[in-house]
Structures are given as structure tokens and as C-alpha cells.
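S.K.: My questions are about this predicted structure, shown below with the sequence.
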Amino acid sequence: MKSIARYVEEKGISVSQLVTATGLDAKLVKAIVEGNFTPSPTQRQRLAAALGVSLEDVSWGHAVAVEHLRGNGPQCGRNS
């Protein structure tokens, strides 16, 4: 299983090419590729199809720990 970023790198596809192939919003695709957003099932299907891989071959989770994203840390009132 590989991350979406790894597939993009291996296949030599740019984020803008992936945006065109999937029809998804550019900011969304960038966030998914950077590991800052976990795509919905429909978004996963579109991305996997655009990359020519199966859904099961892609690791879809966050690559960045959620507590390090804006609005989710203790500084925002969230207790662990």
C-alpha cells in the first residue's frame, strides 16, 4: 500500500494534471496529496481511477498528525 503522493511521484503526474483528470477542486487535491485531508469514498474512486490503481492499493489516511492541524490542538480548548 502506498500513499497518493507516492503514486503521483512514481507516475510523474502533477497535482494540476490530477485535478484535471478527477474534476476535483485544486485545493482539495493538493490537501489530499500532501496528506492533510482524507478523501471521501467518491473522491477516492476518482483519484484511484485517474492514477490507474485500485482503491485497496492506496493508503488514504492523514500523513500529518491531526493535533498539529489548525484548530485541533490544546491551544484551541481541546483537551486530550
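M.R.: Cool, got the structure. Numbering: from 1, shown residues only.
S.K.: which residues touch Gly52?
M.R.: Lys11 (CB atoms under 8 Å, 6 or more residues apart in numbering). Heads up, the C-betas are built off the backbone N, CA and C, glycines and all.
S.K.: Can you list the low-confidence ranges for the chain?
M.R.: Flagging of the chain using pLDDT under 70 yields the residue ranges 62-80.
S.K.: Please enumerate the helices of it.
M.R.: Along the chain, counting by DSSP state H, helices occupy 4-11, 15-22, 26-33, 41-51.
S.K.: how about those helices in TSV, adding distance to Asp57 and mean neighbour count?
M.R.: Converted to TSV, the helices of the chain look like this (distance: least, CB to CB, whole Å; neighbours: other CB atoms under 10 Å):
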stretch	distance to Asp57	mean neighbour count
helix 4-11	8	16
helix 15-22	16	16
helix 26-33	15	18
helix 41-51	8	16
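S.K.: Ok, which of the ones you listed comes nearest Trp60?
M.R.: The closest of the helices of the chain to Trp60 is helix 41-51. By CB to CB, the value is 6.0 Å.
S.K.: Asp25: what's its closest spatial neighbour, skipping adjacent residues?
M.R.: Nearest-residue entry for Asp25: Val19, 7.5 Å, with adjacent residues in sequence omitted and distances by CB to CB, 6 or more residues apart in numbering.
S.K.: The one you found contacts Ala31, doesn't it?
M.R.: No: Val19 is beyond contact range of Ala31, at 11.8 Å (criterion: CB atoms under 8 Å).
S.K.: what is in contact with the two at once?
M.R.: Between them, Val19 and Ala31 share no contacting residue, judged by CB under 8 Å, 6+ apart.
S.K.: measure the residue most central in space within the chain to Gly23 for me?
M.R.: Centrality entry for the chain: nearest residue to the mean C-alpha point is Ile32, 1.9 Å, by CA atoms, centre = their mean. Separation of Ile32 from Gly23 (CB to CB, to the nearest Å): 14 Å.
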